[in-house]
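1. need a 3D model of the following:
(2 chains)
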Amino acid sequence: MSGRGDGIVNGRGERRRTAWRVHGLSVTGYRHRRDGVPCQDAWRADDTGPVTVLAVSDGAGSRSRSAEGSKIAVKLATDRFGRRVSGRRTEATAVHGLLRAAYREVRDEFLRQTAEAPDDFAATLTVVVLAPTWIGHLSVGDGFVLLRAGVEDGEPQFHLLPTAPEVSEYSNETVFLTSSDAEKWVRTACVRDSGVDGVLLSTDGLAQAALANSHGRPQIPNASFASTMFASLENAGDDPHADTEALAAFLRSDRVTAVNADDKTVLRAVRS
Amino acid sequence: MRRDQQPRPKSPPADFAHIEIGNNAQRLPLVLCLDTSHSMRGTPIESLNEALRSWTRDLRDDVSLSASVEIAVITFGGQCVNAWQGPYPLPPQAGVSPFVSAGAFQPPQLMASGVTLMTEALELAMQIVMARKQELRQSGLQHYRPQICLVTDGIPTDRNGHPTDRWRRLVPVLSHEQQERRFRLYAIGVGGVTSHGAQVLEALAPKFNARLEGFPFRDLLQMMSASASAEQKGAGDEVFEKIFSRFTQRPAWEH
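-> Purely as a prediction, here's the structure:
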């Protein structure tokens, strides 16, 4: 299951017989639509036995082949992270090391495949591994991940996994897989909470809509965004195509565009 | 009677309309630092006012810029330097930010008279940019690299209208600030700016300075919008240079 461009046709996937129901979608942002530039975001989800791997990537706006770069990144990520995790029982304490090892494999292969000019393919990468007893997260660049876990006062609780530290004064500057010191900026997290029943990955195009401000940075989940995103996957309508269209229309709407005109990607998983 | 004729009741697709989205767009502070001294009287100031009005409409209609770009106007003319919050001049030391979201911006109606306090105007521009960045950070908003656009048809003077060299004290400051990428400064000479005037602009903004025929304010403001879009895209320096040279080298019949 993978996302290409607007991904409506390919991005309709609903998976059965696995622990998680997954749906992903990338839409071309207003600026790229206006300039006739293809979507530079990509997403992909893969099942490898009991493990589901989710990945989103944002190709650098200023690089000529970043739309290809983001597709290579998510393909390699689901493949390599899946291979590393499946077929072995990994203790949660070993997860960070495992994620980093998988990351290095992805990076090395990415650099090999783009050897002609890796920087032209620059892309961020955010990966979540849904294993039976833990959830692993690795990110390079400014993608982000929301979790739904627990209920307080009858309201579901949402959590933002720690995001990468800012690399400069300006938020539009970030780190890519191809950055020479990328490994220094890689973030990993391991969550061992069986109460997590929703996971959402996104590229920075949705940061303003999905996150609310708190103490100097947009750092807490926007509950109205998160609850709608998870609920709409759990209570899908009868027509998956119409559901995807409704989501795409929201992502392309003026009010979402006004706060960020970049490409948008949402990759969601809820326990089935 | 055939069966299956009854349409199955359909549950509608999800409704995303009630998702609340505050305006936490990444901000792009943009300062227009405009010469309104005596020599701008008549057609030049009128065409500047008209260009500001049409640019304001364009910005408001641009869904990718209207919530992100924030405009402040600084004028140097009369006997002083003025900061404007949209159409209103702010009293000195007002302690109020002159920046207004492009979606809500209304241009001031400018008049021309007096001297050319260019140095003081640029100092105020840097000051309000710095203060705005701090405000944005405090309210948890991210921002792009601000843009300052200086437009003049003259040379820096003191309060008595005598040419002055005080602008030289800005050169090392501007150079350092630009190196630190605190903002991007454009310095544009219009009308009959002299070669001395052009040298001043070159010293202030070594990369983005120009000496233009006539008063092409409309093109100039469009160039600022194009740079703002490039900034949002995370474009490299070469893109800004290209946008700028396309503006300064546009065909004569467009002047």
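
2. so B:Thr119 sits against B:Trp167, correct?
-> Yes. With contacts counted by CB atoms under 8 Å, B:Thr119 reaches B:Trp167, the gap being 4.5 Å. Where you see a C-beta, it was placed from the backbone N, CA and C, and this is true even at glycine.

3. list residues touching both of those two?
-> Counting by CB atoms under 8 Å, 6 or more residues apart in numbering or on different chains, the common neighbours of B:Thr119 and B:Trp167 are B:Pro156.

4. pLDDT below threshold where in chain A?
-> When residues are selected by pLDDT under 70, those of chain A lie in A:1-18, A:87-88, A:167-169, A:171-173, A:214-218.

5. equivalent analysis for the stretch 1-150 of chain B, please.
-> In the predicted model, the stretch 1-150 of chain B carries pLDDT under 70 at residues B:1-12.

6. what ranges does it have for its strands?
-> In the stretch 1-150 of chain B, the segments counted as strands under DSSP state E, counting those that start in this stretch are B:28-36, B:69-77, B:80-85, B:88-90, B:100-101, B:147-152.

7. which helix runs longest in chain B?
-> Selection of the longest helix in chain B by residue count, based on DSSP state H, yields helix B:118-138.

8. any residue of that one touching chain A?
-> Yes. Interface with chain A: helix B:118-138 contributes B:Arg137, B:Gln138 (CB under 8 Å from any CB of the partner chain).

9. got the contact list for residue 105?
-> Answering for chain A, as no chain was given. A:Glu105 sits next to A:Leu76, A:Arg80, A:Arg84 when contact means CB under 8 Å, 6+ apart.

10. wait, I meant chain B there
-> Taking CB under 8 Å, 6+ apart as the contact definition, B:Phe105 lies against B:Thr56, B:Leu59, B:Arg60, B:Ile71, B:Gly86.

11. please tabulate these in a markdown table, including the columns distance to chain A.
-> Conversion of the contacts of B:Phe105 to a markdown table gives the following (distance: CB to the nearest CB, whole Å):
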| residue | distance to chain A |
| --- | --- |
| B:Thr56 | 17 |
| B:Leu59 | 12 |
| B:Arg60 | 11 |
| B:Ile71 | 16 |
| B:Gly86 | 19 |
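
12. in the stretch 151-255 of chain B, which spans are helices?
-> B:170-179, B:195-204, B:217-233, B:237-248 (DSSP state H, counting those that start in this stretch).

13. kindly report the same for the stretch 51-200 of chain A.
-> Defined through DSSP H, counting those that start in this stretch, the helices belonging to the stretch 51-200 of chain A, from first to last, are A:66-85, A:95-113, A:182-185.

14. among those helices, which is the most enclosed?
-> When you average the neighbours per residue for each of those (mean count of other CB atoms under 10 Å in any protein chain shown), helix A:66-85 leads with a mean of 24.

15. only alpha carbons, please: show that helix as CSV.
-> Below are the C-alpha coordinates for helix A:66-85, written out as CSV (Å, rounded to 0.1, in the frame of the first residue of the first chain):
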residue,chain,number,x,y,z
SER,A,66,12.7,15.3,-4.1
ALA,A,67,9.3,13.9,-5.2
GLU,A,68,11.3,10.8,-6.2
GLY,A,69,13.3,11.0,-3.1
SER,A,70,10.3,10.9,-0.8
LYS,A,71,9.0,7.8,-2.6
ILE,A,72,12.3,6.0,-2.3
ALA,A,73,12.5,6.9,1.4
VAL,A,74,9.1,5.5,2.4
LYS,A,75,9.7,2.3,0.2
LEU,A,76,13.1,1.7,1.8
ALA,A,77,11.8,2.5,5.3
THR,A,78,8.8,0.1,5.3
ASP,A,79,11.0,-2.6,3.7
ARG,A,80,14.1,-2.3,6.0
PHE,A,81,12.4,-1.5,9.2
GLY,A,82,9.9,-4.4,8.6
ARG,A,83,12.8,-6.8,7.9
ARG,A,84,14.7,-5.8,11.0
VAL,A,85,11.7,-6.1,13.3
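
16. are that helix and chain B in contact anywhere?
-> No. Judged by CB under 8 Å from any CB, helix A:66-85 stays clear of chain B, getting no closer than 10.6 Å.

17. what's the angle from that helix to helix A:95-113?
-> Regarding helix A:66-85 and helix A:95-113, their directions subtend 140 degrees when assessed with axes from the mean of the first three to the mean of the last three CA atoms, to 10 degrees.

18. ok, residues contacting the longest helix of chain B?
-> Here helix B:118-138 makes contact (CB under 8 Å, 6+ apart) with A:216, B:27, B:29, B:31, B:33, B:35, B:70, B:72, B:74-76, B:81, B:83, B:97-99, B:142-143, B:146, B:148, B:150, B:152, B:154-157, B:164, B:166-167, B:169-170, B:173-174, B:177, B:182-183, B:200, B:204.

19. and stretch B:221-239, by the same measure?
-> A:31, A:60-62, A:172-173, A:261-262, B:26, B:28, B:30, B:32, B:51-52, B:55, B:58-59, B:62, B:64-65, B:68-69, B:144-145, B:147, B:149, B:184, B:186, B:240, B:243-244, B:246-247.

20. in it, what counts as buried?
-> The neighbour-count check on stretch B:221-239 (16 or more other CB atoms under 10 Å in any protein chain shown) flags B:221-235, B:239 as buried.

21. and those, which is closest to A:Ala226?
-> Distance from A:Ala226 was checked for each of the buried residues of stretch B:221-239 by CB to CB. The minimum falls on B:Gln232, at 25.4 Å.

22. relative to chain A, how far out is the residue lying closest to B:Cys80 once chain neighbours are set aside?
-> If the residues on either side of it in the chain are set aside, B:Cys80 comes closest to B:Leu117, at 6.8 Å by CB to CB, 6 or more residues apart in numbering or on different chains. The spacing between B:Leu117 and chain A, counted by CB to the nearest CB, to the nearest Å, is 29 Å.
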